[in-house]
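*Asks:* Pasting the sequence and the predicted coordinates here, then a few questions.
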Amino acid sequence: MTSPSELLEVAKQAAAAGAKVLSGRDGNALDPSNKGAAGDWVTAFDLAAEDAVRRVITAARPGDTITGEEQGTTRPAEPTGYRWSIDPLDGTTNFIRNIVYYATSVAVADADGVWQAGVVNAPALGRVYYASRGQGAWLEERGTLTRLEGPVSGRTGQILATGFSYEPAVRSEQAAAFAALMDGFADVRRLGSAALDLCMVADGTHDAYGERGLNEHDFSAGALIAEEAGCWVRRPRLASPLDGGPSDDERLDAWTCAAGLELSGKFPL
């Protein structure tokens, strides 16, 4: 069995490799295309960053399974039971439009589907968020290391972060439920990166985050970071730990949420 700390070191190196690709952003070399629903973009940088992340993981852990947003799941002949979940560029639309909220997200779960380590590396922000199970959550920013402890309890003017689906029918349902979701919050933010939204609950920027319909790679690292920061977290369970997250039908109905403990009752079941 590998310790969470050992897995975290690999996750850090892998996320750094992906973030290095993103740091070379060239607006003339994006080569964007749409993956399906309007607004669900992929660029040459998504693909190159995933390749970079996979190379690091495969070199360090050749027996581990890897699930990536762009290349799906690859399994070795004799798997260890550990599986990596990669979002090489969370916030692709932001990246295309040169909005700074984007990141490489890397996380790893054991054979029971328990998340062991996760890193969200946001190169345009100069921030690296990370956590390993039982060891707390941390932020490295411009040479400073800070332990994350979640949002300030009961503060005035609480902010909810959320997002909206690319699927028109789901988005309409989300919009219809928005007023009830906002009850008790003073304002809302929509950054366009679920990984960073979860991390910003962990660092106390947001008081809560809730979104319906996320993919596993969207939440895998950020949810663990929020959890290790002491936040209440709800995320979809892995139907099959070695195969990835929920099915599309399950995903579209499932909520991923993080908040200070006193706000946990504000989200739909």
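*Replies:* Received the coordinates, thanks.
*Asks:* So which residues of the protein form helices?
*Replies:* 4-23, 44-60, 92-96, 168-181, 194-202, 216-228, 248-253 (DSSP state H).
*Asks:* Can you tell me which of those helices is most buried?
*Replies:* The highest mean neighbour count among the helices of the chain, using mean count of other Cβ atoms under 10 Å, belongs to helix 194-202: a mean of 31. In this view, the C-beta of every residue, glycine as well, is placed from N, C-alpha and C.
*Asks:* Can I get it in PDB, CA atoms only?
*Replies:* Backbone C-alpha positions of helix 194-202 (Å, rounded to 0.1, in the frame of the first residue of the first chain) are rendered in PDB as follows:
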ATOM      1  CA  ALA A 194     -15.300  23.800 -10.600                       C
ATOM      2  CA  ALA A 195     -11.900  22.700  -9.300                       C
ATOM      3  CA  LEU A 196     -11.100  26.300  -8.300                       C
ATOM      4  CA  ASP A 197     -14.500  26.900  -6.900                       C
ATOM      5  CA  LEU A 198     -14.000  24.000  -4.500                       C
ATOM      6  CA  CYS A 199     -10.500  25.200  -3.600                       C
ATOM      7  CA  MET A 200     -11.900  28.700  -2.900                       C
ATOM      8  CA  VAL A 201     -14.300  27.300  -0.400                       C
ATOM      9  CA  ALA A 202     -11.300  25.500   1.200                       C
END
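*Asks:* shaky segments in this protein?
*Replies:* 35-39, 238-253, 269 (pLDDT under 70).
*Asks:* Residue nearest the middle of it, spatially speaking?
*Replies:* Ala195 (3.0 Å; Cα atoms, centre = their mean).
*Asks:* separation between that residue and Gly184?
*Replies:* Going from Ala195 to Gly184 by Cβ to Cβ, to the nearest Å gives 25 Å.
*Asks:* Could you do Asn94 as well?
*Replies:* Distance, Asn94 to Gly184, by Cβ to Cβ: 28 Å.
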